[in-house]
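Asker: Sharing a model prediction with you, sequence too.
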Amino acid sequence: MRSENPVLNRLDQTSRREIRGVAVGGAEAVSVDDVVVRTVGLLLLTGATAAVAWVTVRQAVWLPAALAGAALASIALVLVISLRGITSPVPIVGYALLQGLLLGVASRAFELVYPGIVGQAVVGTFGVFLGMALLYRARLVRATPRLARLVVGALLGIVAISVVNLVSWLVAGRQAVPVWSLTGEVGWLAWAFSVVAIIAGAFSFILDFDLVERAIRDRLPRRYAWLCAFGLLVGLVFLYWQLLRLLSYLRR
């Protein structure tokens, strides 16, 4: 069955080629342990980079522009790695480092305004991840083509709006689409955008679990563990950002 998820489509194409022996060449097949080890490693790298950035990176005139550049580079990496199905660890590790930098600086700023919010967002992120894993394991939620279309469409829309707003902020100093509030007042559009983003982020884990399951079922080479781990890392980071934003609205 063809999926609407471009990553899964590419994985299916690769599976057919490599099962015929075109690219496997006797390579050891990917396993759950491979995915877990790489996912944990990427999370530790992201967390360590965030901790260093939290402590060492201080406010400066150039900092906002540098962070905006890092955010655009992260988005570009996500799109290239996902759409091309890249399994090399180099760009994936680069994404982890960039996100660690962004997370460290932004989380410190949020924590100064809303003490305890970072811990709440971390607990919420892994709580949602565990909940979706249990739902997938129980087969209560499946990665159907319709779900893939909805999730991928929502995520692409969120990314597009975020990029437009980021560019607009760099050029004009304001958002093109007011979906993020830095003031005490939060409009309905910001609330709706935040809730939709969290729901889309949560269900993206279902697609990630399906990606892992397909890779193991089709006995793809071990290097595909990097792509699976990357998908899980992106989902966790994305969900953390959205929960951080929603919690800041609730704390005002």
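Answerer: Everything's here; your move. Numbers count the residues shown, from 1 in each chain.

Asker: any chance you could map the helices in this protein?
Answerer: Taking DSSP state H, the helices of the chain run over residues 6-19, 32-56, 63-84, 89-113, 117-137, 145-172, 188-217, 224-250.

Asker: roughly how far out does the fifth one sit from the chain middle?
Answerer: Using CA atoms, centre = their mean, to the nearest Å, we find the averaged C-alpha position of helix 117-137 to lie 13 Å away from the chain's own average C-alpha position.

Asker: can you check the second one too?
Answerer: A distance of 13 Å separates the centroid of the chain from that of helix 32-56, by CA atoms, centre = their mean.

Asker: List the contacts of that helix.
Answerer: 89, 92-93, 96-97, 99-105, 107-108, 212, 215-216, 222, 225-226, 228-230, 232-233, 236-237 (CB atoms under 8 Å, 6 or more residues apart in numbering). C-beta: built from backbone N, CA, C; applies to glycine.

Asker: Quick one: the helices of the chain as JSON lines, columns for mean neighbour count and mean pLDDT too.
Answerer: Listed next are the helices of the chain as JSON lines, based on neighbours: other CB atoms under 10 Å; pLDDT from 0 to 100:
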{"stretch": "helix 6-19", "mean neighbour count": "17", "mean pLDDT": "49"}
{"stretch": "helix 32-56", "mean neighbour count": "17", "mean pLDDT": "94"}
{"stretch": "helix 63-84", "mean neighbour count": "16", "mean pLDDT": "82"}
{"stretch": "helix 89-113", "mean neighbour count": "19", "mean pLDDT": "91"}
{"stretch": "helix 117-137", "mean neighbour count": "16", "mean pLDDT": "95"}
{"stretch": "helix 145-172", "mean neighbour count": "15", "mean pLDDT": "86"}
{"stretch": "helix 188-217", "mean neighbour count": "19", "mean pLDDT": "91"}
{"stretch": "helix 224-250", "mean neighbour count": "23", "mean pLDDT": "92"}
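
Asker: Save the ones you listed as TSV, and put in distance to residue 180 too.
Answerer: TSV is the format used below for the helices of the chain (distance: least, CB to CB, whole Å):
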stretch	distance to residue 180
helix 6-19	27
helix 32-56	21
helix 63-84	13
helix 89-113	12
helix 117-137	16
helix 145-172	7
helix 188-217	6
helix 224-250	7
